[in-house]
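*Asks:* sequence-free structure coming up:
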């Protein structure tokens, strides 16, 4: 089962604070919160849950952002669609964000920016625009679990395995090894100076240990 959700009332209040300035319709905001919460609490979710959303928001609370509402919207939607065996989760999550935002008062350029941020999470090992500080902070927050203490990282790895539980171990292991090796080979895991200093060495230790264990 997915881990218990973290202080859902606080997340609920935070969602309304975020969306009320550009969407006065409280009923529509509430319906969307309930829809997102149900998606993140689906029985197939073990890591990509509301707990993950809350962790990203907490990480970003300490970051200096140019457009905080846009980045926070990207956090809420970046795993709105998550099917472990499908390759288009990010594109579909971005489309869900745009579907919600199109009837809002958020400027179209900012709506597209939300979608762009979400789509960039498809491959963290790709080069990123070095001057896009909001994007880099968002991506670093998304990967921050990699630099967690060992026990927390091991629990994350177990949760990911449960999300792929339909994949036989004989197939899961080589696939997971490929992902871990690609991450380890990336010259940069964390782009922001603060998270690079805090998490990079621990992340590489965790990734190498999991890879060795496979």
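*Replies:* Sure thing, it's come through. The shown structure was predicted, so the numbers you read here are calculated from the model rather than taken from an experiment. Numbers count the residues shown, from 1 in each chain.

*Asks:* show me the biggest helix of the protein in terms of residues.
*Replies:* In the chain, taking DSSP state H as the definition, the longest helix is helix 193-213.

*Asks:* What are the buried residues along stretch 111-121?
*Replies:* Within stretch 111-121, the residues that qualify as buried are 111, 113-115, 117-121, counting by 16 or more other C-beta atoms under 10 Å. (Each C-beta comes from the backbone N, C-alpha and C, glycine too.)

*Asks:* again, but for stretch 197-214
*Replies:* Neighbour-count burial for stretch 197-214 flags 199, 203-204, 206-207, 210-211 (criterion: 16+ other C-beta under 10 Å).

*Asks:* contacts for stretch 17-26?
*Replies:* 16, 29, 32, 69, 72-73, 76, 103-106 (C-beta atoms under 8 Å, 6 or more residues apart in numbering).

*Asks:* Pull the most distant pair out of those residues.
*Replies:* Across the contacts of stretch 17-26, no pair lies farther apart than 72 and 103, at 18.9 Å, counting by C-beta to C-beta.

*Asks:* quick one: which of these two has more around it?
*Replies:* residue 72 (23 against 10; other C-beta atoms under 10 Å).

*Asks:* what is the mean pLDDT for the helix or strand where residue 152 lies?
*Replies:* According to DSSP states H and E, residue 152 maps onto helix 150-163. The pLDDT scores in helix 150-163 average 98.

*Asks:* Could you figure out how far that helix is turned away from helix 193-213?
*Replies:* 60 degrees (axes from the mean of the first three to the mean of the last three C-alpha atoms, to 10 degrees).

*Asks:* what sits against residue 190?
*Replies:* With C-beta under 8 Å, 6+ apart, residue 190 has these contacts: 140, 143, 147, 196, 198-200, 203.

*Asks:* how close does the residue nearest the centre of the chain sit to residue 72?
*Replies:* In the chain, the centroid-proximal residue (C-alpha atoms, centre = their mean) is residue 142; its distance is 4.6 Å. Separation of residue 142 from residue 72 (C-beta to C-beta, to the nearest Å): 13 Å.

*Asks:* for residue 180, same thing?
*Replies:* Counting by C-beta to C-beta, the gap from residue 180 to residue 72 is 29 Å.

*Asks:* just the contacts of stretch 17-26 now: which is nearest residue 41?
*Replies:* Looking across the contacts of stretch 17-26 and measuring by C-beta to C-beta, the closest to residue 41 is residue 76, at 13.8 Å.
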